[in-house]
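Enquirer: sequence and predicted structure below; questions after.
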Amino acid sequence: MNVSIQRFTKNKPAQLSAISKKTFYDTFTGTCTEEDMQWFLEKYFNEESLFKELDNENFFCYAAIINNEVAGFIKFKESSTDFTIPTHLKSIELKSLYVDEPYHGKGVAQQLMTCILQHAKDFAYQLIYLSVWEYNFKAQTFYKKFGFEDSGHQNNFPIGNTPQTDLWYWKKL
């Protein structure tokens, strides 16, 4: 299967919105009320919000393209204030990595992960960190295969009024 990794540009917020909503819904459906889910999708994955991200030169979003379709995406940016990190390390946060269900198990997630790892190497980052839902064991296993470790830190990540907890993982480079 031929996968092309391409940077999302600011003229593609509708495409990013569609894949973001679909993959987030598929991942978290049944973990919250439908009302909370719809609120979350509209608040965080609307085209205006995504355009702002795509218009920021320090925010990176890449799509995995298969047969002219977006099969998945990855978003990352230089260190944020969401997580207390060792301040002496140049850090980058992996914000999102999602693959559409028909492409699970086809190497798409690995190619997207390779994208951030290469970016981190090219720009001399010393730490990559991310948050992952405490019950997403499949994702946790995936990150561990790439050398990420549970940092022991957690954060609240509610979907609307439904409480959720994420674990902070990190990988020193």
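Expert: Great, that's in hand.

Enquirer: in the chain, which spans are strands?
Expert: 4-7, 59-66, 69-78, 91-99, 127-133, 149-156, 165-172 (DSSP state E).

Enquirer: in CSV, list the ones you listed along with mean neighbour count.
Expert: C-beta here means a position set from N, CA and C on the backbone, and glycine is covered the same way. Below are the strands of the chain laid out as CSV (neighbours: other CB atoms under 10 Å):
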stretch, mean neighbour count
strand 4-7, 13
strand 59-66, 20
strand 69-78, 21
strand 91-99, 22
strand 127-133, 21
strand 149-156, 12
strand 165-172, 19
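
Enquirer: switch those strands over to JSON lines; also include distance to Leu112.
Expert: Supplementary listing: those in JSON lines, determined by distance: least, CB to CB, whole Å:
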{"stretch": "strand 4-7", "distance to Leu112": "7"}
{"stretch": "strand 59-66", "distance to Leu112": "6"}
{"stretch": "strand 69-78", "distance to Leu112": "4"}
{"stretch": "strand 91-99", "distance to Leu112": "6"}
{"stretch": "strand 127-133", "distance to Leu112": "12"}
{"stretch": "strand 149-156", "distance to Leu112": "20"}
{"stretch": "strand 165-172", "distance to Leu112": "15"}
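
Enquirer: nearest to Lys21, out of those strands?
Expert: The closest of the strands of the chain to Lys21 is strand 91-99. By CB to CB, the value is 10.3 Å.

Enquirer: and the strands of the chain as JSON lines, adding distance to Phe40 and mean pLDDT?
Expert: Formatted as JSON lines, the strands of the chain follow (distance: least, CB to CB, whole Å; pLDDT from 0 to 100):
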{"stretch": "strand 4-7", "distance to Phe40": "26", "mean pLDDT": "94"}
{"stretch": "strand 59-66", "distance to Phe40": "19", "mean pLDDT": "95"}
{"stretch": "strand 69-78", "distance to Phe40": "16", "mean pLDDT": "94"}
{"stretch": "strand 91-99", "distance to Phe40": "13", "mean pLDDT": "95"}
{"stretch": "strand 127-133", "distance to Phe40": "13", "mean pLDDT": "94"}
{"stretch": "strand 149-156", "distance to Phe40": "14", "mean pLDDT": "92"}
{"stretch": "strand 165-172", "distance to Phe40": "14", "mean pLDDT": "94"}
